[in-house]
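Asks: Quick one, what's the 3D model for this:
(one chain, ligands or ions: 2)
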Amino acid sequence: MKFFAVIVAGGSGTRMNAQLPKQFMLLAGKPVIMHTITAFSASAEKPEIMVVLNKQQFSFWEQLCAEHQFTVPHTLIAGGNTRFQSVKNAIDTINETSVIAIHDAVRPLISTAIISKAYQQALTEGNSVVAVPSKDSVRWQKANGVSQNLNRNEVFLVQTPQTFQSEMIKKAYQQEYKEEFTDDASVAESFGIRINLLPGDPDNFKITFPADLLMAELILNEKSR
Ligand SMILES: Nc1ccn([C@@H]2O[C@H](COP(=O)(O)OP(=O)(O)OP(=O)(O)O)[C@@H](O)[C@H]2O)c(=O)n1
Ligand SMILES: C[C@](O)(CO)[C@H](O)COP(=O)(O)O
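Replies: Ligands and ions are numbered 1, 2, ... in the order given. As a prediction, this is how the structure comes out:
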């Protein structure tokens, strides 16, 4: 079977509040996204890697690759205004029957073990969505202003990769964009696909705020000791 990795990095990182988009910020001496691409290239399935970037940043990325002697093979795809559009731009170019993992560039601490489990689950069960249990209590704030406790054993926080057999995810991404499409699982589910969860890893958090980058740096330092 052919495997693809779509690494989405077309965002501008408004919550990070920095000049440089967070996917290019340095983590342990190299841009965040290079850690992410390296993890996929090291996985047993040896996926073909697609990197989705804002078109305006193609030449900057090529400069970064030269500066960091980054030679992992990948193709560049132009991003869109939403994550949904960025993913769609990439998967629309895939015509082979395959298994496609979609991953946020800004989750650089993903392990090769989880990547492989995700590909294998999607191969046998159709899809695989990485998620972790909540470490906090969880409440649902209803429209009438009343909040209600939820059983946190039944609530999961969704990560990436989100991995699918190509035929189903390509069809799901033909739907019109809706605001509730915050990830690939929500797109697939709205198309009628039942989602399979795969246990994730708390370290596979999304770099969203400045403190997240500091935490990622600490974890990498600890792992290299
Ligand atoms: N138009 C977009 C928006 C987001 N992404 C990617 O989707 C992932 C998750 O998005 P998020 O953390 O929200 O990134 P940003 O959109 O960059 O951040 P913010 O929402 O704070 O602006 C990131 O790797 C981001 O680059 C993308 O490829 N194209
Ligand atoms: C895809 C995702 O990372 C799964 O948790 C998340 O939904 C992305 O959300 P964001 O608002 O684009 O950061």
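Asks: Now do the helices in the chain.
Replies: For the chain, helices defined by DSSP state H occupy the ranges 32-41, 58-67, 83-91, 112-125, 166-172, 184-190, 210-223.
Asks: Would you tell me which of those helices gets closest to Lys2?
Replies: helix 166-172 (8.5 Å; C-beta to C-beta). C-beta here means a position set from N, CA and C on the backbone, and glycine is covered the same way.
Asks: What helices and strands are in contact with the closest one?
Replies: Packed against helix 166-172 by the contact rule (3 or more C-beta pairs under 8 Å, 6 or more residues apart in numbering; DSSP states H and E) you find helix 83-91, strand 98-104, helix 184-190.
Asks: who touches the residue in the chain positioned nearest to ligand 2 in this structure?
Replies: Residue nearest to ligand 2 within the chain (C-beta to the nearest ligand atom): Asp183, separated by 3.6 Å. Taking C-beta atoms under 8 Å, 6 or more residues apart in numbering, we find Asp183 in contact with Arg83, Val129, Val158, Thr160, Gln162.
Asks: who touches the residue in the chain that ligand 1 sits nearest to in this structure?
Replies: Here the chain gets closest to ligand 1 at one residue, Gly11, 2.1 Å apart by C-beta to the nearest ligand atom. Gly11 is in contact with Pro21, Lys22, Gln23, Gly79, Arg83, Ser86, Val106, counting by C-beta under 8 Å, 6+ apart.
Asks: try 6 Å this time
Replies: By C-beta atoms under 6 Å, 6 or more residues apart in numbering, the contact list for Gly11 is empty.
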